[in-house]
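Novice: how does the following fold in three dimensions:
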Amino acid sequence: MSATEHQQVLIEDAARLALLQGQYQKAYQILNDALARAPHFAGAYFLLSRIAYDFKNHLKEVEMLQKAHQFEPDNVVFLVYLARAQVLVGDSARAYEWLIFAESFDSHTAETYDVMGVTYNRLSMYQQAAVCFEKSIEYGCANAGVFFNLASTLKFCGDFSGARTAYEKAISLQPDYFKAHAALTSLGGITAEHNHIERLTALLEKTIDPDDSLCIAHALSKEWEALSEWENSIAVLTTAKQKKSAQLKYSAAQDQLVFKKLTEFYTTQPHSAGKGFHNNRPLFVTGMPRTGTTLVERILTGHSNVAAGGELYNFSIAVKQLLGHVGREFITPDIVDHFGLIDLAALGKAYIESTDYLAGNKAFLVDKLPLNIIYSGLILSALPDSKIICLDRNPLDTIASNYRQLFSLHDSTFGYSLDIEDTARYYVEFRKLSNLLLNIYPERFYSINYEALVSNPELEVRKLLDFCGLPWEASCLLIEKNDKPVATASAVQVRQPISASGVGQWQRYAAHMEPAINLLTAAGIIQNRDD
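Specialist: Numbering: from 1, shown residues only. Next up is the predicted model:
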């Protein structure tokens, strides 16, 4: 090692120590001083990228990693972190290219495989992600987070036994890994003889943080539900949701303002097909969460000419990039206010290019992000040859299912789900918007009723395929034989045959549904409880 290399190692060590101690300004100064003396110091650029990542400045992170890669092009660590950073700035296509390049190196470590796994996961490439997490463990990683990520990808890929083992390993390494407890319960198999109720109850009693409490409460609620203990199930969930709600301070008025502005824009703006980007590949499956969107995705991707994209945020990311919006919110009133400034052709093109890697050689790609319903009018203008399917499920089942679902703890988009009445308010707004879109785009916006679908699958699937311009294939009905990954709350359920078992489940919690019933009745959505 030369004197210069030795000096750079000492500088990196000093900067890493400062970062470990949370002394970002000190680390920044050390690295900047080093670069003033040695502008080609790749390690300094890499550590500056870590600072940018911690402060969620991902554009700066990409810039620093590109510099590091420029001066050390064979450093696989820089490559895999650059791939991850590209995902975080919304450039999925470039991230995929970096991952493929990184695959060609033979100098990988447990760390690089872990980062690759996380990045493949973000790209909805779960089989590749699972391989990377397994290699990370094989290379000596004993981190609970890697086992959790492996378990989640195995679950998405249908390996429930492997997922169970990996979740249990994560919990054994970190007993208070709250997300792992919730995820383990989601695999099912809970019986009076085999459950985790005692362990979860003890954990909940000593848990203070609202997010952690919500994770454990959801797991405990699911286990009580599996034992048909409906009151215990809803009681433990309600307590935790109230605790989280007090912290989050969700505003129903904010969401109602978003829907009001969406309605105004979609009603008054001209819908000129000539302004968008022409490509008929996308099939968007939308609706409220927990209404059968995954079921429809499985039906469509059972077709030989359809690829599965999973729940993609690519369209909303493209919108925000074109508007220069840097916030993490999925939608805000301000974003809607600026819809009219967007170059529709550029938006459509950006979306298509960002999803190319997922389509492969298939003619169609399913993008199954339920709340793309919010962007649907803009989608149909930016992509004038695309089609949107919207799920219509019993309102009370929809509300109960959303309330009982554990959504992302760090995404305010789902803040409504912390309260039954707020969930009902959100449903009313969704219903009005979906009806509006159906009226504006009757040839390209298709509403499919969940109850009709599960009661007469072949009839409804034939109509669905006809709307999509796809020839009939019986394989679409055999969702249990569809081997494509599923990264949603229904990952276990949709690997079974189409079933009507989810119809009417809200009645188990009827005593707690009065606020929703009253609100839906006042909105004219239901006339009685059987609607």
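
Novice: from here on, just use CA atoms for contacts and neighbour counts.
Specialist: OK.

Novice: how is this protein divided into domains?
Specialist: Following automatic domain parsing, one gets these domains for the chain: 175-249, 252-522.

Novice: ok, the residue nearest the centre of the chain - contacts?
Specialist: The residue lying closest to the centre of the chain (CA atoms, centre = their mean) is Glu311, at 5.6 Å. Counting by CA atoms under 8 Å, 6 or more residues apart in numbering, Glu311 touches 124, 367-370, 487.

Novice: tabulate the domains of the chain in CSV, adding columns for distance to Ala102 and mean pLDDT.
Specialist: Converted to CSV, those look like this (distance: least, CA to CA, whole Å; pLDDT from 0 to 100):
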stretch, distance to Ala102, mean pLDDT
domain 175-249, 29, 95
domain 252-522, 16, 94
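
Novice: out of those domains, nearest to Asp91?
Specialist: Between Asp91 and the domains of the chain, the shortest gap by CA to CA is with domain 252-522, which sits at 6.6 Å.

Novice: the closest one: end-to-end distance?
Specialist: Domain 252-522 has an end-to-end distance of 17 Å (CA to CA, to the nearest Å).

Novice: in a markdown table, list the domains of the chain along with distance to Glu138.
Specialist: Listed next are the domains of the chain as a markdown table, based on distance: least, CA to CA, whole Å:
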| stretch | distance to Glu138 |
| --- | --- |
| domain 175-249 | 21 |
| domain 252-522 | 23 |
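
Novice: who wins for proximity to Tyr139 among those domains?
Specialist: Shortest separation from Tyr139 across these is recorded for domain 175-249, at 22.3 Å, computed as CA to CA.

Novice: do me a favour and get the end-to-end distance for the closest one?
Specialist: End-to-end distance for domain 175-249: 30 Å, by CA to CA.

Novice: so how far is stretch 57-74 from its chain's centroid?
Specialist: Its chain's C-alpha centre and that of stretch 57-74 lie 27 Å apart, by CA atoms, centre = their mean, to the nearest Å.

Novice: should've said stretch 112-130
Specialist: Using CA atoms, centre = their mean, the offset of stretch 112-130 from its chain centre is 14 Å.

Novice: for that stretch, which outside residues touch it?
Specialist: The contact list for stretch 112-130, computed with CA under 8 Å, 6+ apart, reads 76-77, 80-81, 83-84, 87, 92, 95-96, 99, 131-133, 135-136, 146, 149-150, 153-154, 156-157, 309-311, 485, 487.

Novice: just those: which are in helices?
Specialist: When DSSP state H is applied, these are split such that 76-77, 80-81, 83-84, 87, 92, 95-96, 99, 131-133, 135-136, 146, 149-150, 153-154, 156 fall in helices.

Novice: quick one: neighbours of the closest residue to Glu72 other than its chain neighbours, just the number.
Specialist: Of all residues not flanking Glu72 in the chain, Ala42 sits nearest, at 6.3 Å (CA to CA, 6 or more residues apart in numbering). Neighbour count for Ala42, taken as other CA atoms under 10 Å: 24.

Novice: over to Gln29?
Specialist: 12.

Novice: please, which helix or strand holds it?
Specialist: Assigned by DSSP states H and E, Gln29 belongs to helix 24-37.

Novice: please save the CA atoms from the lengthiest helix in the chain in PDB.
Specialist: Ranked by residue count under DSSP H, the longest helix found in the chain is helix 420-440. Taking Å, rounded to 0.1, in the frame of the first residue of the first chain, the C-alpha atoms of helix 420-440 are listed here in PDB:
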ATOM      1  CA  ILE A 420     -63.600   3.300  10.500                       C
ATOM      2  CA  GLU A 421     -65.400   6.600   9.800                       C
ATOM      3  CA  ASP A 422     -62.400   8.100   8.000                       C
ATOM      4  CA  THR A 423     -62.200   5.000   5.900                       C
ATOM      5  CA  ALA A 424     -65.800   5.400   5.000                       C
ATOM      6  CA  ARG A 425     -65.200   9.000   4.000                       C
ATOM      7  CA  TYR A 426     -62.400   8.000   1.800                       C
ATOM      8  CA  TYR A 427     -64.500   5.300   0.200                       C
ATOM      9  CA  VAL A 428     -67.200   7.800  -0.600                       C
ATOM     10  CA  GLU A 429     -64.600  10.000  -2.400                       C
ATOM     11  CA  PHE A 430     -63.200   7.000  -4.300                       C
ATOM     12  CA  ARG A 431     -66.700   6.000  -5.400                       C
ATOM     13  CA  LYS A 432     -67.500   9.400  -6.700                       C
ATOM     14  CA  LEU A 433     -64.200   9.600  -8.600                       C
ATOM     15  CA  SER A 434     -64.500   6.200 -10.200                       C
ATOM     16  CA  ASN A 435     -68.100   6.900 -11.300                       C
ATOM     17  CA  LEU A 436     -66.800  10.200 -12.900                       C
ATOM     18  CA  LEU A 437     -64.000   8.400 -14.800                       C
ATOM     19  CA  LEU A 438     -66.400   5.700 -16.000                       C
ATOM     20  CA  ASN A 439     -68.600   8.500 -17.500                       C
ATOM     21  CA  ILE A 440     -65.800  10.300 -19.100                       C
END
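
Novice: hmm, back to that, so of the contacts of Glu311, which ones are in strands?
Specialist: The strands, defined by DSSP state E, take in Asp367 from these.

Novice: nearest to Tyr177 among the contacts of Glu311?
Specialist: Distance to Tyr177, by CA to CA, is smallest for Ala487 among those, at 20.2 Å.

Novice: measure Gly117 to Glu311 for me?
Specialist: For Gly117 relative to Glu311 (CA to CA), the value is 18 Å.

Novice: try Thr488
Specialist: Look at Thr488 and Glu311: by CA to CA, they are 8 Å apart.

Novice: do a quick rundown of the strands in this structure.
Specialist: For the chain, the strands defined by DSSP E occupy 282-286, 306-310, 364-367, 387-392, 445-449.

Novice: angle of the second one against strand 282-286?
Specialist: It refers to strand 306-310. 50 degrees (axes from the mean of the first three to the mean of the last three CA atoms, to 10 degrees).

Novice: got the buried residues for strand 306-310?
Specialist: For strand 306-310, burial by neighbour count (16 or more other CA atoms under 10 Å) applies to 306-310.

Novice: all helices for the stretch 151-300 of the chain, in order.
Specialist: With helices called from DSSP state H, counting those that start in this stretch, the stretch 151-300 of the chain shows them at 160-173, 178-186, 197-205, 210-226, 230-248, 252-268, 293-301.

Novice: may I have the last one exported as PDB, CA atoms only?
Specialist: So the one you mean is helix 293-301. Provided in PDB are the C-alpha atoms of helix 293-301 (Å, rounded to 0.1, in the frame of the first residue of the first chain):
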ATOM      1  CA  THR A 293     -57.100  -5.900  -7.400                       C
ATOM      2  CA  THR A 294     -54.500  -8.700  -6.900                       C
ATOM      3  CA  LEU A 295     -57.100 -11.300  -8.000                       C
ATOM      4  CA  VAL A 296     -57.600  -9.500 -11.200                       C
ATOM      5  CA  GLU A 297     -53.900  -9.100 -11.700                       C
ATOM      6  CA  ARG A 298     -53.500 -12.800 -11.300                       C
ATOM      7  CA  ILE A 299     -56.200 -13.500 -13.800                       C
ATOM      8  CA  LEU A 300     -54.700 -11.200 -16.400                       C
ATOM      9  CA  THR A 301     -51.100 -12.400 -15.900                       C
END
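
Novice: now do that helix: everything it contacts.
Specialist: If you take CA under 8 Å, 6+ apart as the criterion, helix 293-301 is touched by 285-287, 306-308, 366, 368, 370, 390-391, 461, 465, 476-479, 482, 484, 486, 488, 490, 494, 498.

Novice: now for Asn232, how many residues are close by?
Specialist: Neighbourhood size, Asn232 [other CA under 10 Å]: 16.

Novice: surely it touches Ser221?
Specialist: Yes. With contact defined as CA atoms under 8 Å, Asn232 and Ser221 form a contacting pair (7.2 Å).

Novice: just give the nearest non-adjacent residue to Ala52, would you?
Specialist: For Ala52, ignoring the flanking residues on the chain, the nearest one in space by CA to CA, 6+ apart is Glu61 at 5.1 Å.
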